[in-house]
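>>> Have a look; sequence and predicted model below, questions after that.
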Amino acid sequence: MFSFYWRKFIIPFWLLAFTAIVCFIIASLAGLAAPLVVKLLIDNALNQGNINFLHLITVGIAILYLFRGVFSYLYGYCMAKAGNKMLAKLRQDMFSKLQSLDYAYFMRTSSGELISLFTNDLLFIQQAVTVGLPDVIVESINLLAIMSIMIYFDWRLAMVTFATMPFIIVAISFFNSKIGTLGVLVDHALAKVTAIIQQSLVSVLIVQSYVREDYEYKKFSDKIQEAANDLLKAQRFSAILVSLVEFLAAVGLTIIIWYGGREVINGHLSIGGMFAFLVYIINVPMPVRKISQGLTHLKLGAVAWKRINNLLNEQTPTVTEGDMLMPQAEGVVEFKDVSFAYRQGKLVLNDINILARPNEIIAIVGPSGAGKSSFANLLLRFYDPDNGGIYLDGVDIRKLKLAELRRHIGFIQQEPILFNTTVLENIRYGRPDATQSQIEQAARMADAYEFIMSLPQGFDTVVGELGGKLSGGQRQRIAVARAIITEPAILLLDEPTAALDAQTEKQVMAAIRQAGTGRTTFIITHRMSTIMASDRVVYLTEGRVAETGTHQELIDKDGLYAQAVRFSEIEMSIDVKHL
């Protein structure tokens, strides 16, 4: 458990940690000296009636606590600074790792689970490094110092006092083991709660339209209650531990009063010495309690670290990084004998052969499960084919750096993701150095300039979360502008008009055709009007290329494509006389 804190907290920020410990030692020495000063006050001032010594002692106590206050502040500041730096670095490492993980990882991992790592798990670690670790380190030093002074005063009396220490150590070990087990359960339950919240927020339209608010509330309540129950058990064990430790310390205090009182009566110990010893033993429960609470925080933090470490050590074997650069691309794309399966033995693409050239708009068409989305995933190298290869200008894309390949592809989804910022920032997302004139040109090519200028602040209008302040067609055209401003050689569109009405679809398709000039364009679609606007149709079925040709050629051929049109597998938006 402690190796994590040593590697992540102590070593990287050793100077701050060392400074904090030095400051604490000075502050602690000032505090520990107070009972000795009180002993002098009783034995040398009060008992002997020395008023000058009384004045001196009074000033000394004030100076001691001034020192204690100053160095306690410096200790707290240094520990907080080191802890916050460590957490900031950990957040950066986690986010950087997320950005490096491939598409397959996010398909098998709940976004709620990932959000929980950045919230619940980091909160546990924050408590561990800003409260738990400092308490364990400095209060251990404090406890050792108190014990050393007590031994120096009267070793026999100290040994009697320490008789309860083995019981305290056993209690801490036993209860912290229980707390650690419960911490795992709490962590997993909170992750599920976060996942439910995230899913409910994303799906609020569906929840409300199906009147499922009560169901979602019950699902959330059940999970939050499960987490609360496990957390309550952990807190109950912690409370029992603290109470037990304080009781055992009180037993030690009782022993001291009895044994020390006899020593004073027998003349073996002064009243001042007895008083100082009592002050020290009274101070023992506080560091012991803080150490036990600190160990609880460290245990919960270690559980959280295990989950975070799983993320940081996550391997991404789905695709391997290439090393080849391609500053310019013409856009000739070839799928050559490509076969692919997400799971072994179940091919979703089988022996695919497609050749596409610039200025071509190719519609990828087929029934659900035919492999259309897998075609896009392979072209973007979210996955690699099991057999065959995909080539860009004659170069196997597996040889290219991933960023280099994707820089040449403008990808537009069915539901375009817009960020909650301005239109301008959304368009130049893929090209941060784009000038205003380049942004406006991209907007014109996407047939978006006019509607953008009609918005309240034009290009400076904030579009809302996921572009919620815009219509579906407006979001699509901004997405087209965002794609073409990067000047890609290839446009890849996944159902870009599926949710649009006929008029809006016409506008979006006009924008796509204009943007596709000089580029190779793939459109995954089931809309007939979109297919009609393409230069060539590739009809997939059961993972194979069943037919290829223009729309009219395939209709005249009266094969699988024509059957799909007749049976409405492809959405009709033209007059049936074309059949």
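Okay, I see it. Numbers count the residues shown, from 1 in each chain.

>>> just the CA coordinates of stretch 333-346, formatted as CSV?
Taking Å, rounded to 0.1, in the frame of the first residue of the first chain, the C-alpha atoms of stretch 333-346 are listed here in CSV:
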residue,chain,number,x,y,z
VAL,A,333,-8.5,4.3,-51.5
GLU,A,334,-8.4,0.6,-52.0
PHE,A,335,-9.8,-2.3,-49.9
LYS,A,336,-8.0,-5.4,-51.1
ASP,A,337,-9.3,-8.8,-50.0
VAL,A,338,-10.3,-7.4,-46.6
SER,A,339,-11.8,-9.7,-44.0
PHE,A,340,-12.6,-8.7,-40.4
ALA,A,341,-14.3,-10.1,-37.3
TYR,A,342,-14.9,-8.5,-33.9
ARG,A,343,-15.0,-12.0,-32.4
GLN,A,344,-13.1,-14.9,-33.7
GLY,A,345,-15.1,-17.1,-36.1
LYS,A,346,-17.8,-14.5,-36.9
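
>>> residues making contact with it?
347-356, 374-375, 378-379, 383, 385-392, 394, 490, 520, 522 (Cβ atoms under 8 Å, 6 or more residues apart in numbering). (Glycine included, C-beta is placed from N, CA and C.)

>>> how much space between the nearest residue to residue 459 once chain neighbours are set aside and residue 463?
Spatial nearest neighbour of residue 459, chain neighbours left out: residue 424 (4.1 Å); criterion: Cβ to Cβ, 6 or more residues apart in numbering. Counting by Cβ to Cβ, to the nearest Å, the separation of residue 424 from residue 463 is 10 Å.

>>> And for residue 358?
Computed as Cβ to Cβ, the residue 358 to residue 463 distance reads 32 Å.

>>> higher neighbour count, those two?
Taking other Cβ atoms under 10 Å, residue 358 and residue 463 do not tie; residue 463 has more neighbours (21 against 17).

>>> list the contacts for that one?
418-423, 426, 469-470, 475, 478.

>>> let's see it at 7 Å
Remark: with contacts taken as Cβ atoms under 7 Å, 6 or more residues apart in numbering, residue 463 is in contact with 418, 423, 426, 469-470.

>>> Return the subset of the residues you listed lying in helices.
423, 426 (DSSP state H).

>>> So which of the contacts of residue 463 wins on neighbours?
residue 423 (27 neighbours).

>>> you'd agree that residue is up against residue 461?
Yes: taking Cβ atoms under 7 Å as the definition, residue 423 is a contact partner of residue 461 at 5.4 Å.

>>> hey, what's in contact with both of those two?
With Cβ under 7 Å, 6+ apart, residue 423 and residue 461 have common neighbours residue 455.

>>> what comes up buried for stretch 155-172?
157-158, 160-161, 164-165, 168, 171-172 (16 or more other Cβ atoms under 10 Å).

>>> For the stretch 301-450 of the chain, just list every one of the strands.
333-343, 346-356, 361-365, 387-392, 395-396, 409-412 (DSSP state E, counting those that start in this stretch).

>>> other SSEs contacting the fifth one?
Read it as strand 395-396. Here strand 395-396 touches no other helix or strand, going by 3 or more Cβ pairs under 7 Å, 6 or more residues apart in numbering; DSSP states H and E.

>>> ok, it: who's next to it in the sheet?
strand 387-392 (antiparallel) (DSSP bridges).

>>> residues of the strand it pairs with that come out buried?
388-392.

>>> What lies in contact with that strand?
329, 333-339, 378-379, 396-397, 408.

>>> Tell me which two of the residues you listed sit farthest apart.
Maximum pairwise distance among the contacts of strand 387-392 (Cβ to Cβ): 25.0 Å, between 329 and 339.

>>> neighbour count winner among those two?
A direct count of neighbours by other Cβ under 10 Å for residue 329 and residue 339 places residue 329 higher, at 22 against 16.

>>> and that one, what is it in contact with?
392-393, 408, 489 are the contacts of residue 329 under Cβ under 7 Å, 6+ apart.

>>> Just the buried ones among the residues you listed, please.
Here the buried ones among the contacts of residue 329, as counted with 16+ other Cβ under 10 Å, turn out to be 392, 408, 489.

>>> From the recorded domain assignment, give the ranges for this structure.
89-312, 325-408+489-579, 418-487 (automatic domain parsing).

>>> Now distance to residue 10 and mean pLDDT too, for these, in TSV please.
TSV is the format used below for these (distance: least, Cβ to Cβ, whole Å; pLDDT from 0 to 100):
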stretch	distance to residue 10	mean pLDDT
domain 89-312	9	76
domain 325-408+489-579	36	82
domain 418-487	38	86
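
>>> Could you dump the ones you listed into JSON lines with distance to residue 31 added?
Conversion of the domains of the chain to JSON lines gives the following (distance: least, Cβ to Cβ, whole Å):
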{"stretch": "domain 89-312", "distance to residue 31": "8"}
{"stretch": "domain 325-408+489-579", "distance to residue 31": "57"}
{"stretch": "domain 418-487", "distance to residue 31": "51"}
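
>>> who wins for proximity to residue 18 among those domains?
domain 89-312 (11.2 Å).

>>> Distance from the chain centre to the closest one, please.
Using Cα atoms, centre = their mean, to the nearest Å, the mean C-alpha position of domain 89-312 is found 23 Å from that of the whole chain.
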